[in-house]
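A.B. asks: Below are the sequence and a predicted model for it; my questions follow.
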Amino acid sequence: MTVRRTLPQRSRSLIGAWCFADHYGPDDVAESGGMDVAPHPHTGLQTVSWLFSGEIEHRDSLGSHAYVRPGEVNLMTGGHGISHSEVSTPDTTTLHGVQLWVALPDEHRHTARDFQHHAPRPVRLDGAEIRVFLGSLAGSSSPVRTFTPLLGAEIVLETGAEITLPVDPAFEHGLLVDTGDVRLAETSLHPSELGFLPAGPAHLTLTNESDAPARAVLLGGPPFEEEIVMWWNFVCRSHEEVVQAREDWASGTRFGVVEGYDGDPLPAPELPHVPLRPRGRVR
C-alpha cells in the first residue's frame with residue numbers, strides 16, 4: 001500500500017493530542033493486495049479510522065467485530081492494553097483513507113479498552129460539505145467520547161469555494177489535504193501536505209484553489225502539554241514502559257486475544273540499542 005506518514009514528523013510531533021496520522025491510497029487493491037494487518041497491540045492511545053473509499057473489517061480483543069466504511073468513524077480505546085486486526089474486505093476495489101491516533105492524557109492512559117462507532121450526518125454549507133467525526137464544528141457535534149477536547153472533520157470544498165468556520169481559539173489545528181489545492185491562513189497546501197495553525201484564531205478560512213472539488217481532514221485540540229514516548233504501537237511515558245509493553249505482548253498477557261482472524265499475531269520488532277527519548281509539542 002501507498003502510505004504517507006504525515007504525523008509525527010521532524011518539525012512536529014503533536015497537534016492537540018493527535019500524535020499520528022497515516023494517509024494512505026488511493027490504491028487499486030487488485031495490484032496492491034489491500035490491507036491485511038494481523039493482530040497487534042496498542043496501549044496509551046485511541047485509534048481513529050476514517051475512510052474515503054473501500055471497506056475494512058475490524059476485530060479486537062474486546063470482542064468487537066465491525067466494519068470501517070466511508071463516512072463512518074471507528075474509534076478504539078487502547079488504554080491499558082488492547083489488540084486488533086484490520087483487513088480490507090473482498091468487495092474493496094480502491095482503498096483510500098487515514099489512520100489516526102490520539103495520545104491519552106496521563107490520568108486516563110490506563111483506562112479500560114473500548115470501541116465506538118459513529119456515522120455523522122453531513123453538514124452542507126455554501127460551497128462545502130462537512131462530516132464531523134470528533135468534537136464540534138459548523139453546528140454539528142459528535143457523540144464519540146474522547147479524553148481531551150478534540151476536533152476531527154472531513155471537509156469537501158466545491159470548485160472555487162471559500163468558507164470561514166468559527167473554531168475554538170484554544171485549539172491548534174492541522175489540515176491534511178487529500179485532493180485538490182487548499183489555502184489555509186494564506187498558505188497554499190497541495191495533496192498529501194499537512195498545514196499547521198497555532199492556537200489563537202477564532203475563525204478558520206479555507207479556499208479551494210483547484211479546478212475540481214477538494215477534500216481535506218481538519219484536526220484540532222488544545223496543545224497537549226505532556227511528553228510521550230511513542231514506539232511501534234505504544235504510547236508511553238518512558239523507555240521502561242515501552243520495554244514492559246513489548247514483553248507483555250510477547251508473553252501473551254495484558255492485550256487479550258483477537259478471535260476470528262486467520263493467521264498469527266504480529267511479532268514486536270526489536271527495540272533500538274539506545275534509550276527511547278520523549279517527544280512533546282514544538283513550542
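C.D. replies: Structure received. Remember, predicted model here, so these are calculated numbers, not experimental data.

A.B. asks: starting at the chain centroid, how far to stretch 218-225?
C.D. replies: 13 Å (Cα atoms, centre = their mean, to the nearest Å).

A.B. asks: ugh, wrong one, I meant stretch 136-146
C.D. replies: For stretch 136-146 - counting by Cα atoms, centre = their mean - the centre lies 16 Å from the chain centre.

A.B. asks: buried residues in that stretch?
C.D. replies: Within stretch 136-146, the residues scored as buried using 16 or more other Cβ atoms under 10 Å are Leu137, Ala138, Ser140, Ser142, Val144, Thr146. Placement of C-beta: from N, CA and C, glycine included.

A.B. asks: same thing with stretch 14-34?
C.D. replies: 14-21, 23-27, 29, 32, 34.

A.B. asks: from these, which ones fall inside helices?
C.D. replies: Mapping the buried residues of stretch 14-34 onto helices (DSSP state H) picks out Val29, Ser32.

A.B. asks: So which bits of the longest helix anywhere in the chain are buried?
C.D. replies: Longest among the helix segments of the chain by residue count, using DSSP H, is helix 239-251. Of the residues in helix 239-251, His239, Glu241, Val242, Val243, Ala245, Arg246, Asp248, Trp249 count as buried by neighbour count, 16+ other Cβ under 10 Å.

A.B. asks: what does stretch 148-165 give?
C.D. replies: Buried-residue list, stretch 148-165, by 16+ other Cβ under 10 Å: 148-158, 161, 163, 165.

A.B. asks: so can I have a markdown table of the residues you listed showing distance to Val177?
C.D. replies: Formatted as a markdown table, the buried residues of stretch 148-165 follow (distance: Cβ to Cβ, whole Å):
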| residue | distance to Val177 |
| --- | --- |
| Thr148 | 25 |
| Pro149 | 24 |
| Leu150 | 20 |
| Leu151 | 17 |
| Gly152 | 15 |
| Ala153 | 14 |
| Glu154 | 12 |
| Ile155 | 10 |
| Val156 | 12 |
| Leu157 | 10 |
| Glu158 | 15 |
| Ala161 | 14 |
| Ile163 | 15 |
| Leu165 | 16 |
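
A.B. asks: can you tell me which two in those are farthest apart?
C.D. replies: Thr148 and Glu158 (32.6 Å; Cβ to Cβ).
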